Every structure is written in C-alpha cells, then in structure tokens.
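Participant: Dropping a prediction and its sequence here:
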Amino acid sequence: MTEMILTQRMTAHPSDSHTLSRYLDTGGYTALTKALDNMSEEEIVEEVKASNMRGRGGAGFPTGVKWGFLAPAQPRYLVVNCDESEPGTFNDRQLTERDPHQLLEGIIISSYALGVSHAFVYIRGEYPKAARRLQRAVDEAYEAGYLGEHIRGSEFSLDVTLHLGGGAYICGEETALLNSLEGKRGEPRLKPPFPAVEGLYAKPTIVNNVESISNIPWITANGGAAYASIGPERSAGTKMLSMSGHIRKPGNYEIVMGMTWRELIYEIGGGITDGKALKAWIPGGASSPWFVPDEHLDTLLTIDDVASNGSMVGAGAVIVMDETTNVVAAAHRLVRFFAHESCGQCTPCREGTSWMEAVLKRILDGNGRPEDIDLLLDISDNISPGLKWPPAMTTICPLGPSAVSPITSITRWFMPELEAIIAGSEVAVG
Amino acid sequence: MSAVIAGWSQDNRERARLILASYPEKRSAVMPLLYIASLEHEYVTEDAMREVAELTEISAVQVRSVASFYTMFKSNAVGDYLVSVCASISCHLLGADEVLAAVEKASGASAGETTEDGSISVERVECIGACGGAPAVQVNYELIEGVTPEKAKGLVKWLTDARPAVVLTDEMQQLFGGQRSFDWGSSEPEGATRPLPAFGPYGSAEVGR
C-alpha cells in the first residue's frame, strides 16, 4: 500500500497537479529527457517488456509484448484509449483530469519508442473536463517544446490529437475505437489482422489504455525491473481500482495486487455502508462474473487468481452489493446496459441481449414464468456456448458474452431468490 | 474553405479547418465536425449532415450512418439544458431511479422529452464514469456527483430560474452535489454553453464567471 506511482503527485499537490509548472517541479519530463538523450527506441521497449506490466484496459495483455508485435511499415500510430465506459470504472477519468502531463509524457515516450510521429487520444464524449485538461496540457507541451518538431532538440517529432467520442461503450473495444476514429460507426473489426499490423487507416497501430500509458514515465525513469519487483510476479506494478456501490469509502485506490478481497472491501473500502452484510460484488466491471462472500472473500486479488476463480480484474471496477440488493434488478440493469450498447453487427448479441433484458424485465414486473430461468440460460448459451470462463465467442467482440455474466452469476449464486421472485409473481403459471 | 459552410461563424469555420488539418484522412473529422455543426444548427439537422459530408468528402448517407450510431449526436432539437441522469448499476444501487423521478417531476418532462418552453431536456443515460459518486447527473455533459432526489429537484429549479449562461461543473457540484468519485482538485474554469460536450477545439467551451 505504500507504493504510489500514478497518484503520488495528485495526492501531494491536489490544487495544481494538472499544471505544467507543478509537473516540472515534481520531476516531470525528466523521463522523456532520459529517453531522448540516453536510450534507444529498442531499449525503452525492452524496459516495458521487463516491467511485466499487463495492459490496464481490461484484457490484461502484457503491454511490452503488444508493442513487440508492431509491424515495421510507416506511418504507424499510437492511439490512447480514454473511452472509459465499463460500468464501475472511473480511474482513467481521474488520471486524465488530475495528472494529464503524466499521461502526455507517457504518450511522448511511447511514441518515441514505437517510431510514431502522430498519436491520438480517444476520449469519451461524456468526459469533457478530462478532454479540456488534457488539451491544455497538450497546448502547454507544444509551447514548452515537449511536442511538435524536434522535441527538446532531438530528431524526434510528434503531434498529438485529441478526439471526442459520441457516447458509445463499444468504442472502448480497440478495433471499434479505430473505426470510430476513422469517422465510421463504432463497430468492432474481425481479428486478425490485429491493429499492430493493420490498425488506424490500415497502418500499424498500438492501442493502449490511459493507465497503461501513465505508467510509462515511471518505468522509463526507474527501469522495468523496478516495476516488476512491485507486487506478485504476474500482476506486477500498481493497479488503480475503482470501488463503488454499497461501500463505505467509494473511490479510486492505487493498490499493489496480492491482497485478499476481504482486505480490499473491509479495510481499504471501509466495509459495507451502514454496517450491512455483503451479498455479492462484481470484481472487474459489468462484464465480469460476480463474486460472493462465502466463496471469494479470501481469494487473492491478482489477475490470475481472479481468473482461475471464474472472473476477471478487468479494468479494475469493484461494484459492491449489500444484503438488501435485489439481484434480479441488478442483473437487469447490467443486461440492459449491454442491450443498449450492442452495436448490432452480430445476431447473437443484438437479439440475445435485448431478449434477455425483456425477460428480466417481465420477471421484475411480476410477470415471470418458471421457464424463464431456462430461457435466460438458453439465450446465454447461444451467445456464449457452454457458459464457460473465459467465455466462448459467437460474436466479433466480447460485448455479447459480457452480457451473459449477470445471468450466470444470479443463476449460480442466487437461484432460490430468482425462483422466489418468479413464484411470487401473480401471473406465473406452473 | 468550403462554400457550403459560408453560413457558419468565422470562428467555427476556422475550427473546422484546423480539425480537418489535424487528421491524416478527412473522414476522421466527421465526429468533431458533427459537434461543431450541432453548435451551428442546434442539433444534427439534414443541413448539418450535408455540410459535414462535403467537408469530409464522403456522402451524406455515410455521415448519417455515423451520426445515428452515437447517442450524443441528437437528431432532434434539445433544450438549453440537457439533464442526463445515469441509471447504470452503481447509480442504480444508490437510488438513481428516485433521482430520475425527481428530475422528471420537477421539470415536467419525462426521460426522452423536452419541457414545453424548450429549456430542459431530460434523458436517462448509461454509465458516465462517476460510479464512486453515485448517483450522478450531467447538465450539458458537465458532471454533478452524489445527487439526491431533493438536490435534483433543486437543480432543476435553479436551471429554470437562474438560467446559467455557462454550465460549470464545480458550481453545480457545490450547490447540488455530495459524495465525489475522487478529490476534484482545483476548480475548472471552463464549462458548457450548449447541450454539447464543452471542448475548446470544438467551439463549445467557455470560461465561466
């Protein structure tokens, strides 16, 4: 808990951590100078590989390995994903609003390492303050010679363009984001080809999340090995977790993984609001299968331990539900989200999510039927055959399978409650 | 600059030029230009789509396919203040439905509607990334966290009576907010003048009082 990489400056200097002057006063842009003066492109890529940092956007793929896939053709692009939209996540918002230069220095170093001369930041349209703060940082950086032609007298030049989204969760998926950035509907692409080979404008492109890129200045300054030494080997570094729901101290926490969920919820989060009992929590955002106290409080919070218990750390969103929660209503909210956000390309997702939403709605409205449980599972199985974890796919992207998580969660952990709600409904027929 | 936007303000024509120049391919400017066109036309009208199509050298139907995909491009007139109430999971757990009901009752407009005088539009939205400060509401995309039904009622009354020229997130948070997702730090000088995301390069941000 003592390690702080990302939130150090904003914690120590709450009033002006977003300004260039404070950034420079606190060691900002020295990592860039080190990179430009003393490190080759390959050396930086090697440090990021050595850091073992796994991408913070949700999939957990090692950032350095992803960088290693970048095809040699030019031009090539870096696209930073600030389309943070997974219900429960709000950590990229804090990193962008409160320490935009840290993100920007990460973008500049990454672009140098990757041979990129034009980087884009795709910011969700509902984050105008984050966009304004980052744009001001970009303007300051151009003025100070950290962006533009011949940065700090080097051969390296870079432009950064901010791009606002239009309110579509699916654009957080990297290929949908690229389509959106190209001025198209945000519909995911079939992979392969992967963006590292054919990305933006069919050119080699790296898409990284805000938190991943915000770690790059520290890794450059301190070395990949130092980063890798923090926390468990396969969950190295710090992770921003967003806690919300029925938790006494909601908020973002920069933690070192490896603690138990009990420690996270009861010590860091302060326990359940009003001293109520914990019923369930969603460990990694709306897409992740739920955890329950009897089974998972002593499970370790690492990427691998959560995965082997059938869920994911994802983008780090922990949503806590107390004993009073109607789990069918909660599942309905989650499924309704996915139904609303389905891009409509793939039939199982387009039809399945809205069908599941309708079934859950009628159960909540008191019109549930006993066979609705099998129906929900059957629709789920059509979207994600076998209802396994990680989910099998019938769709181009994981949005459809994500909508299955609330269904498998309530049928696995709360079947008696689900049956009782259906049985209590007036028009239920046996 | 294209004659098709001769009717736009000079500032917005200049912004459009800069935006087009900032992408390797013109089509990438579709979304930013749709925001500027919404500023010129109040919402994404047929004319707006035609203009954006011409600027980006694609067909109007391609622009329509993009505009219709994203919820923030409005195909109908929106009130001066767009009140967006989040109803996704974390806000739901902490009473979002009651907040939405309070906004609807106080304004007289149901979700998806605009008040008769055209001042307030209400919408129910999916997660806006303010889960630690649930329930959350945005006015013209400027955020308020930790809203209660009572505070929501006050917010609607304030918008109706005070009619702020620039909607500022810190001002609203102070008046009508509570629990925040995180410490916001120092206050944010710019805000929104229209129901569009307030962002300087898109012409929609202004410094408040």
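Facilitator: Right, received. Where do you want to start? It should be emphasised that the depicted structure is a prediction, and the values quoted were computed from it without experimental measurement.

Participant: what's around the residue lying closest to A:G352 once chain neighbours are set aside, how many residues?
Facilitator: Closest residue to A:G352 apart from its sequence neighbours, by CB to CB, 6 or more residues apart in numbering or on different chains: A:I383 at 4.5 Å. (C-beta placed from N, C-alpha, C; glycine too.) Counted with other CB atoms under 10 Å in any protein chain shown, residues neighbouring A:I383 total 29.

Participant: What score does A:I383 have for pLDDT?
Facilitator: A:I383 carries a pLDDT score of 97 in this model.

Participant: residues contacting it?
Facilitator: A:P348, A:C349, A:G352, A:T353, A:T394, A:T395, A:G400, A:P401, A:A403, A:V404 (CB atoms under 8 Å, 6 or more residues apart in numbering or on different chains).

Participant: Secondary structure element holding whichever residue of the stretch 301-430 of chain A sits closest to chain B?
Facilitator: When CB to the nearest CB is the measure, the stretch 301-430 of chain A has its nearest residue to chain B at A:R333, with 4.7 Å between them. Take DSSP states H and E as the rule and A:R333 turns out to sit in helix A:327-341.

Participant: Show the secondary-structure elements that that helix is packed against.
Facilitator: Using 3 or more CB pairs under 8 Å, 6 or more residues apart in numbering or on different chains; DSSP states H and E, the elements in contact with helix A:327-341 are helix A:347-364, helix A:399-413, helix A:415-423, helix B:89-93.

Participant: Report the mean confidence score over it.
Facilitator: Averaged across helix A:327-341, the pLDDT comes to 97.

Participant: Please report how far the residue of chain B found nearest chain A lies from B:V125.
Facilitator: Among all residues of chain B, B:Y70 sits closest to chain A, at 2.8 Å; criterion: CB to the nearest CB. Distance, B:Y70 to B:V125, using CB to CB, to the nearest Å: 13 Å.

Participant: Same drill for these two, tell me which one is more crowded.
Facilitator: B:V125 (23 against 20).

Participant: Might you quantify the distance of the helix holding A:R333 from its chain's geometric centre?
Facilitator: In terms of CA atoms, centre = their mean, to the nearest Å, the gap separating the centre of helix A:327-341 from the centre of its chain is 19 Å.

Participant: Show me what it is in contact with.
Facilitator: For helix A:327-341, contacts defined as CB under 8 Å, 6+ apart pick out A:85, A:87, A:168-170, A:279-280, A:286, A:321, A:349, A:353-354, A:356-357, A:360-361, A:363-364, A:399-400, A:402-403, A:405-407, A:409-410, A:413-414, A:417-418, A:421, B:87-89, B:92-93, B:126-127.

Participant: ok, back up a step: what residues are shared contacts of B:Y70 and B:V125?
Facilitator: With CB under 8 Å, 6+ apart as the test, B:Y70 and B:V125 both reach A:G167.

Participant: Please, where are all the strands along chain B?
Facilitator: All strands of chain B, identified by DSSP state E, fall at B:81-86, B:120-125, B:137-139, B:142-144, B:190-192, B:205-207.

Participant: by contact count, what packs against the fifth one?
Facilitator: Counting contacts by 3+ CB pairs under 8 Å, 6+ apart, the secondary-structure elements packed against strand B:190-192 are strand B:205-207.

Participant: How about the strand it packs on and chain A, touching?
Facilitator: Yes: Strand B:205-207 lies within reach of chain A by CB under 8 Å from any CB of the partner chain, at B:A205.

Participant: quick one: contacts of that strand?
Facilitator: A:P128, A:R132, B:A165, B:V166, B:P189, B:E190, B:G191, B:A192, B:T193, B:A198, B:F199.

Participant: do the same with stretch B:96-105
Facilitator: B:83, B:85-88, B:91, B:110-111, B:122, B:124, B:134-135, B:137, B:147-150, B:152-153, B:155-156.

Participant: which of those are buried?
Facilitator: Buried members of those, scored by 16 or more other CB atoms under 10 Å in any protein chain shown, are B:83, B:85-88, B:91, B:111, B:122, B:124, B:134-135, B:137, B:147-149, B:152-153, B:155-156.

Participant: can you narrow those to ones near chain A?
Facilitator: For chain A, the contacts drawn from these by CB under 8 Å from any CB are B:A87, B:S88, B:A134.

Participant: Just to check, the first one is in contact with B:C127?
Facilitator: So the one you mean is B:A87. No: the criterion here is CB atoms under 8 Å, and B:A87 misses it with B:C127 at 9.0 Å.

Participant: I appreciate the help and will end here.
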